[in-house]
Structures are given as C-alpha cells and as structure tokens.
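In: Could you work out the structure for the sequence below:
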Amino acid sequence: MPRVLARVSALLTAFLLMVSAAPAPRADAAALDPFTGYLMAHFIGESANGEQLYLAHSRDGLTWRDLNNGAPVLLSTIGTRGVRDPALVRSPAGDRYWIVATDLRIASGTSWSDAANRGSTNLVVWESRDLVNWSAPWLINVAGAIPGAGNAWAPEAIYNHATGDYVVYWATNSARNGVTKHRIWYVRTTDFRSFTAPQLYIERPGTQGLIDTQIVEVPNSVGGYRYYRASADGHITIEASNSILGSWTTLGNLSHLGISNGTGGGNVVEGPMWAQFNGRNEWALWLDQYATGRGYMPITSTNLGSVSNFRTRTDYAMGGTRKRHGSILNLTAAEESRVLARWGTSTPVRRIQAYTHQDRYVRHVNYDVRIDPNVNPAQDAQFRVVPGLANASGNVSFESVNHPGYYLRHYGFDFVLAANDGSPVFAADATFRQVAGLGNASWSSFQSYNYPDRYIRHYDYQLRLDPVGDTQARNDATFRLTS
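Out: Okay, here's the model as predicted:
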C-alpha cells in the first residue's frame with residue numbers, strides 16, 4: 001500500500017508540474033449587456049477650439065445630437081495642446097475605457113508640411129472607469145523609434161483576443177526603401193502606457209500613402225471573416241481577415257458608388273468610421289466628405305463580405321457641429337444613462353440685461369464684449385450659464401451660444417470672448433459668483449472669482465471688471481438673466 005501511494009503521489013506531482021508549466025488559456029470577458037445607443041467622439045475642425053474632444057449621441061445610429069451643448073468635453077493641455085482623430089476604446093469586460101488621439105493643433109499656426117514632417121510623434125491618451133470621469137491626459141511616443149518619423153496621426157486601437165492585449169495602429173510619415181510617405185504602424189499594449197517596439201502594419205505599393213484606416217470586429221464572422229478594415233489609400237479599400245495581425249484579403253473599393261479618397265475622383269472622402277447597428281447584423285461605414293465640406297455620410301451593409309453589398313443612405317442627420325475624423329462606441333443602457341446624465345441636458349439660453357440701460361444686453365462683436373440694443377444676429381447676445389469652470393460651487397461661467405467652447409473672460413480687466421484653453425488661469429478669469437444685485441437686490445451682480453473685490457460692470461458700454469465704490473458703479477454692475 002505505501003508503494004501504491006508513493007506512485008500515485010509521484011504521478012500527481014508530475015501532473016501538477018505539467019499543468020503549471022502550460023500557458024494559461026486566455027478567456028474572453030463575459031458578454032456586455034445589450035447595447036441601446038451610440039457615442040461618437042470627434043473633433044470639429046481647425047478653429048481655435050475645434051481640435052479638442054467633442055461627443056455626440058444617437059439612439060438609432062443615424063441621427064446624432066451634440067452633447068455638452070456642442071462644446072468640447074475634454075481639452076488637451078499637453079503636447080501641441082490639441083487633439084484630432086479620437087478613438088474610443090472599451091476593455092472586453094466593459095470596466096475601463098481609453099481615448100487615443102492625434103497630438104496636433106493646426107489652429108496654432110502649424111503648417112501641414114511641418115506637422116507631417118517635423119510634427120509630434122506622440123499620441124494623447126485619457127483613461128476612465130465609467131466613460132464620464134476621465135484622467136488627466138498623457139503622451140505615448142509610439143513613433144519615436146521609427147527612423148525619420150515625422151508624425152503620428154489618426155490612431156486606432158482594438159483588443160486582440162488572440163494575444164490578450166490591444167493593437168494600437170496609426171500613420172507615420174517617414175522614409176523607407178527610398179520612398180517617403182505615410183504608412184500604418186502598430187504597437188501592442190495592455191495599459192496604453194508601456195508598449196512594444198513599433199512594427200510596420202500596412203504599406204501600399206509605390207508612392208501611394210495611407211493615413212486613415214479602421215478595423216471592425218464582426219460577431220459570428222458574417223460575410224466570412226471576423227475582421228474588416230477600411231482604408232483611405234486613394235480609394236476606400238475594404239479588406240478582411242480572421243486575425244488582426246495576420247494576412248488580409250482585399251475585397252475591393254467603393255468606386256462603384258462613386259466614392260474614393262481622390263484617386264478615383266467622384267465624392268472624395270476620408271476618415272472611415274465603422275459602427276454596427278444595435279441588435280442586428282447591419283453595419284454603417286461613415287465617410288467624411290472633406291473635399292466638399294459636407295461632413296460625414298453613412299453607407300450601410302448587411303454583409304461586409306462583398307463591397308457590392310454597400311448602399312448609400314440619405315436618412316441621417318449629424319447635429320449642429322461638423323464632425324471630423326472620429327470613432328463610434330455602442331453603448332449599454334448603463335453607459336448611455338451615465339453619458340446623458342453628464343452631458344445630455346441642454347442648458348437654457350440666457351441674455352444678460354443691463355440694469356441702467358434696460359434696452360441693452362451683453363453681447364460679443366469681433367470677440368470684444370459690450371452692451372448693445374437690437375443685437376443682430378441675436379445669438380451674439382445669447383449665453384449658456386454653466387457651472388463655474390474654476391469652481392462649480394456657487395459660481396457660474398458664461399458660454400457663447402454661437403461659439404460653443406468660448407466664454408466671457410476678463411483679460412487686463414477688459415472683457416473678451418475667448419476659447420477655453422484648459423488652463424487654470426483661463427478657468428479663474430471666466431468664473432464668477434452670482435450675488436444679489438448691487439444696485440437692485442432683485443437683479444444680480446457677478447463677482448470675480450480671482451479678484452473678489454471686482455465685479456462685472458459696463459463703462460461707456462464696454463464690459464469691464466472693476467471695483468464698485470459708488471452708486472453709479474453699483475448700478476452699472478447690476479444685470480438680469482433673461483430668456
């Protein structure tokens with residue numbers, strides 16, 4: 001009996017050693033709750049505040065509404081202090097999210113040539129646990145190790161079930177085999193902080209460059225493949241694969257729809273952006289009609305295995321802002337509820353009426369601020385009274401209606417309408433405490449957050465930030481918020 005026990009013990013020990021030595025199988029996360037809505041991350045253009053992070057929401061995947069009153073949701077305060085081409089990424093378990101974006105701000109005066117050849121090789125990243133509270137941004141220098149890299153543009157990221165990490169891919173302009181052009185490179189990461197050495201991912205023949213590409217994973221391999229990617233490479237080329245880092249099969253392009261990225265003429269587009277419609281096997285490929293300035297349009301398909309299955313759509317609406325290259329995330333009910341609670345409520349539009357000249361209202365003109373009667377266009381005298389940028393408790397800021405993301409701020413004790421640059425100084429200069437009117441307690445006065453001995457007042461019809469030491473000053477510092 002002892003000999004038998006010894007043999008069993010030895011066999012058990014050997015078995016345990018074999019099990020411990022074998023690699024643990026990767027188990028995909030449990031399926032997420034059913035999707036009920038859609039979230040689009042995007043930028044809006046090269047305006048002063050256009051290259052920042054904007055969000056839009058849709059219930060049906062075709063009709064979009066701007067969130068946060070059309071103002072940016074996140075501002076980049078690092079790198080070039082601007083972001084373009086944001087990609088929304090969810091972990092398989094749905095318990096963590098990232099935004100990865102191009103570190104680029106053309107509105108700062110950077111030329112396209114400088115941006116492409118001597119630009120940032122970093123990407124900007126934010127992280128969240130709930131999709132509404134985001135970390136401070138950080139930079140990852142993904143292209144720094146590429147010889148002669150001039151930039152890092154249009155990033156995307158997708159979870160790779162085969163390796164249990166994320167593939168981050170983007171375009172870099174650099175010389176290779178005697179040809180300088182944009183190619184797609186990739187790294188792998190688990191945390192969007194540390195990453196592998198960059199590897200070449202997609203290169204087109206000859207001098208043809210490639211900047212924009214996006215991959216979608218298709219459940220149940222509808223159309224015969226698990227992954228499909230659309231790339232702006234002169235045409236909009238559609239490819240398919242069963243492995244993100246494996247070989248890809250070219251299915252064709254969209255020239256039969258009169259759509260190209262320039263080589264084929266017709267409707268010239270860029271920024272391909274995939275989204276599956278919730279609850280059904282149908283996909284939209286959104287394309288930015290940048291050549292004509294018309295913004296995104298969708299084409300749809302119920303079978304991505306052949307480009308002939310795509311059809312154009314006209315039953316869509318993009319909201320108030322022009323949406324530039326971004327990405328779409330399908331939302332669970334819980335995610336949708338959190339997003340709409342934070343950014344979905346529309347703040348009422350208000351005018352700021354002067355107490356001493358009740359036919360005059362605060363308005364901006366050429367970004368200067370004054371009080372005028374009969375303001376035309378009316379939106380120049382309309383603002384959204386939002387929680388104070390520097391301190392939301394008992395404080396307010398005034399956001400322009402026709403220039404979302406621009407606020408009334410004092411500068412040298414004069415007032416201007418300026419784009420929020422994300423700095424603490426801007427936030428403080430644009431924040432005020434609403435108190436009982438100094439000239440009439442049934443009206444309001446607005447005390448400066450960072451100069452509490454000064455108030456918003458008009459003088460010779462110009463808006464200023466002044467001390468109020470006499471009756472005239474107190475009356476001039478009294479206003480009423482009206483509809």
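
In: which helices and strands does the helix or strand hosting Glu239 pack with?
Out: Using DSSP states H and E, the secondary-structure element containing Glu239 is strand 236-241. For strand 236-241, the elements it packs on are strand 227-232, strand 249-253, judged by 3 or more Cβ pairs under 8 Å, 6 or more residues apart in numbering; DSSP states H and E. Yep, even glycine has a C-beta here, placed from its N, CA and C like the rest.

In: among the ones you listed, which is the most enclosed?
Out: Of all those, strand 227-232 has the most neighbours on average by mean count of other Cβ atoms under 10 Å, namely a mean of 24.

In: and the angle from it to strand 236-241?
Out: The directions of strand 227-232 and strand 236-241 differ by 160 degrees, with axes from the mean of the first three to the mean of the last three Cα atoms, to 10 degrees as the criterion.

In: Now do strand 227-232, average pLDDT.
Out: Summarised as a single mean, pLDDT over strand 227-232 is 98.

In: Check stretch 336-352 too.
Out: Averaging pLDDT along stretch 336-352 gives 94.

In: from the chain's centre, how far out does it sit?
Out: 18 Å (Cα atoms, centre = their mean, to the nearest Å).

In: now do stretch 194-209
Out: 24 Å.

In: Pull up the distance across that stretch, start to finish.
Out: Counting by Cα to Cα, to the nearest Å, the length from the leading to the trailing residue of stretch 194-209 is 28 Å.

In: Let me see the contact set for Ala284.
Out: For Ala284, the contacting residues are Gly61, Leu62, Trp274, Ala275, Gln276, Phe277, Pro298, Ile299, Thr300, Arg313, taking Cβ atoms under 8 Å, 6 or more residues apart in numbering as the criterion.

In: Looking at those residues, which are in strands?
Out: Using DSSP state E, the subset of the contacts of Ala284 located in strands is Trp274, Ala275, Gln276, Pro298, Ile299, Thr300.

In: can you pull the contacts of the first one?
Out: Just to be clear, that refers to Trp274. Contacts of Trp274 (Cβ under 8 Å, 6+ apart): Gln214, Ile215, Val216, Tyr228, Ala230, Trp283, Ala284, Leu285, Trp286, Ile328.

In: just checking, which of these belong to strands?
Out: Among these, the subset assigned to strands under DSSP E consists of Gln214, Ile215, Val216, Tyr228, Ala230, Trp283, Ala284, Leu285, Trp286, Ile328.

In: Spatially nearest residue to the last one (excluding sequence neighbours)?
Out: Read it as Ile328. Once flanking residues are discounted, Ile328 sits nearest to Ala275: 4.0 Å by Cβ to Cβ, 6 or more residues apart in numbering.

In: And the one you found, how close does it get to Tyr38?
Out: For Ala275, the distance to Tyr38 under the criterion Cβ to Cβ, to the nearest Å works out to 6 Å.

In: want to throw the helices and strands packed on strand 236-241 into CSV with distance to Val435?
Out: Putting the helices and strands packed on strand 236-241 into CSV (distance: least, Cβ to Cβ, whole Å) gives the following:
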stretch, distance to Val435
strand 227-232, 54
strand 249-253, 63
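
In: Ok, which of those comes nearest His364?
Out: Ranking those by proximity to His364 (Cβ to Cβ) places strand 227-232 first, at 37.9 Å.

In: Can you pull out the residues in contact with that closest one?
Out: Contacts to strand 227-232, defined as Cβ under 8 Å, 6+ apart, come from residues 184, 202, 210-218, 236-244, 248, 251, 261, 269-272, 274, 285, 304.

In: could you give the angle of that strand to strand 249-253?
Out: For strand 227-232 against strand 249-253, the angle between stretch directions is 50 degrees (the same axes, to 10 degrees).

In: how far does strand 227-232 sit from the chain's center?
Out: Its chain's average C-alpha position is 20 Å from that of strand 227-232, according to Cα atoms, centre = their mean.

In: go on, stretch 244-257?
Out: Relative to its parent chain, stretch 244-257 has a centroid offset of 27 Å by Cα atoms, centre = their mean.

In: State the mean pLDDT of that stretch.
Out: Average pLDDT, stretch 244-257: 98.
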